[in-house]
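Enquirer: all I have is the shape, not the residue letters:
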């Protein structure tokens with residue numbers, strides 16, 4: 001038998017809007033890799049919605065009101081996205097022209113005592129006034145030897161560029 005306390009708890013619990021396949025329908029505020037593009041209504045699993053998309057502000061609940069608002073502003077959203085893509089393409093061209101040098105401690109055979117990862121590449125790019133995040137650097141694995149590497153930088157679903165990374169021994173002056 002349910003007490004008044006458990007009934008009150010049940011009444012305050014708000015159910016999430018379900019989609020036709022049993023997931024949660026969300027309207028994407030921004031492009032999300034492997035989910036969809038800005039302005040699309042997508043259906044995702046409840047955990048993905050509650051733990052990532054909603055707290056990060058990447059999506060909102062797909063209410064009829066929100067859907068109407070998006071339809072009204074679709075042209076504006078496309079213009080904003082076009083501007084953003086042209087800015088990212090310019091950044092990709094700037095990155096592709098770069099050749100960064102990272103100093104690391106290495107032995108006589110050219111093996112590094114540590115490794116060079118995405119964070120070190122981001123810091124080297126930041127020194128050249130280019131701002132990217134660690135997750136935009138796509139490495140096959142950490143760089144563990146001296147030499148020249150070509151690293152992919154993933155700026156957008158449609159925009160990816162190559163960056164030349166020189167790993168050189170630390171100069172002992």
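Expert: Perfect, thanks for sending it. From a predicted model like this one, the values you see are computed outputs, not experimental measurements. Numbers count the residues shown, from 1 in each chain.
Enquirer: shaky segments in the chain?
Expert: Applying pLDDT under 70 to the chain flags residues 1-17, 172-173.
Enquirer: not counting sequence-adjacent ones, nearest residue to residue 36?
Expert: residue 42 (4.4 Å; Cβ to Cβ, 6 or more residues apart in numbering). The way it works is simple: take the backbone N, C-alpha and C, and place the C-beta from them, glycine included.
Enquirer: got the domain ranges for the protein?
Expert: Following automatic domain parsing, the chain resolves into domains at 4-72, 91-169.
Enquirer: could you dump the ones you listed to JSON lines with distance to residue 83?
Expert: Formatted as JSON lines, the domains of the chain follow (distance: least, Cβ to Cβ, whole Å):
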{"stretch": "domain 4-72", "distance to residue 83": "13"}
{"stretch": "domain 91-169", "distance to residue 83": "13"}
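Enquirer: can I get those in a markdown table with mean neighbour count?
Expert: Listed next are the domains of the chain as a markdown table, based on neighbours: other Cβ atoms under 10 Å:
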| stretch | mean neighbour count |
| --- | --- |
| domain 4-72 | 14 |
| domain 91-169 | 14 |
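Enquirer: what's the top strand by length along the chain packed up against?
Expert: Counting by DSSP state E, the longest strand found in the chain is strand 160-169. Under the contact criterion of 3 or more Cβ pairs under 8 Å, 6 or more residues apart in numbering; DSSP states H and E, strand 160-169 touches helix 74-97, strand 99-104, strand 111-116, helix 118-127, strand 143-145, strand 147-154.
Enquirer: for residue 57, find the nearest of those.
Expert: Between residue 57 and the helices and strands packed on strand 160-169, the shortest gap by Cβ to Cβ is with helix 74-97, which sits at 15.9 Å.
Enquirer: sort out which residues of that closest one are buried, please.
Expert: By neighbour count on 16 or more other Cβ atoms under 10 Å, the buried set for helix 74-97 is 81, 85, 91-92, 95.
Enquirer: which helices and strands sit right next to that helix?
Expert: Using 3+ Cβ pairs under 8 Å, 6+ apart: helix 74-97 touches strand 160-169.
Enquirer: what pairs with the strand it packs on, parallel or antiparallel?
Expert: Strand 160-169 has its sheet partners listed here by DSSP bridges as strand 99-104 (parallel), strand 147-154 (antiparallel).
Enquirer: right, I'll leave it there.
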